[in-house]
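> Output the structure for:
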Amino acid sequence: MVRNYASDPVPPDALDRIVDAGLRSPSAGNSQGFGFVVVTKPEIRKAIAELAGEEDHMARGFDRWISRAPAHIVITVSEQVYRDRYREPDKRGPDGHEMDWPVPYWWVDAGAAMMAILLAAVNEGLGAGFLGAHSIPDLGELLSIPRRHTPIGVVTVGYPLPDRRSSSLDRGRRPRDSMVHRETWQE
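Numbers count the residues shown, from 1 in each chain. All right, here's what the predicted structure looks like:
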């Protein structure tokens, strides 16, 4: 996760390839309920940074990363698109009704799209970071995102510069054997 960028713009063709990677990510029932808003205008990036409290972030000694990132890709998802898709004949349950949704796969798919975007940015020789929408009140209103789409967050994209790393990284990684299990879950 990069949180400091050079001011050089991201080439439009690179941004298109990055977004295309998100569009090709997996989707339950091929519902494709995600959407993206690509933001490159400085005044809109600055407005997103203000909503996200970038000044408070900087007051804690971090870089101005949200407004400085030359490109933002806002990821959204529509639960309704999934619900509508799973009411179609080929997706109805044996009783003819929509499935019970034990897992809200729209969130899973939005996460898969985000990861595809992050990896595609790195593949382009760029850096990327993620800021969750919970930290950006009124993002949907600012970008005129339809109410049926919920913003999940912003992927910032640009040429990386050295940055002050979060203290969360000091925790290190959990031991592999505490997270990976073979055949059955064994403590």
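> And the strands in the protein?
For the chain, the strands defined by DSSP state E occupy 34-39, 71-77, 127-132, 150-158.
> For Ala52, find the nearest of those.
Nearest of the strands of the chain to Ala52, taken as CB to CB: strand 127-132 at 6.1 Å. For the C-beta atoms, the positions are set from N, CA and C on the backbone; glycine is no exception.
> which residue is nearest the middle of the chain?
Nearest to the mean C-alpha position of the chain, by CA atoms, centre = their mean, lies Met114 at 3.9 Å.
> May I see the strands of the chain arranged in JSON lines, with mean pLDDT, mean neighbour count and distance to Ala21 as well?
Output for these, formatted as JSON lines (pLDDT from 0 to 100; neighbours: other CB atoms under 10 Å; distance: least, CB to CB, whole Å):
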{"stretch": "strand 34-39", "mean pLDDT": "98", "mean neighbour count": "20", "distance to Ala21": "11"}
{"stretch": "strand 71-77", "mean pLDDT": "98", "mean neighbour count": "25", "distance to Ala21": "10"}
{"stretch": "strand 127-132", "mean pLDDT": "95", "mean neighbour count": "20", "distance to Ala21": "11"}
{"stretch": "strand 150-158", "mean pLDDT": "97", "mean neighbour count": "25", "distance to Ala21": "11"}
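> In CSV: the ones you listed, plus distance to Arg87.
Below are the strands of the chain laid out as CSV (distance: least, CB to CB, whole Å):
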stretch, distance to Arg87
strand 34-39, 19
strand 71-77, 18
strand 127-132, 30
strand 150-158, 20
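> Surely the residue nearest to the centre of the chain and Ile152 touch.
Yes. In this structure Met114 lies within contact range of Ile152 using CB atoms under 8 Å: 7.1 Å.
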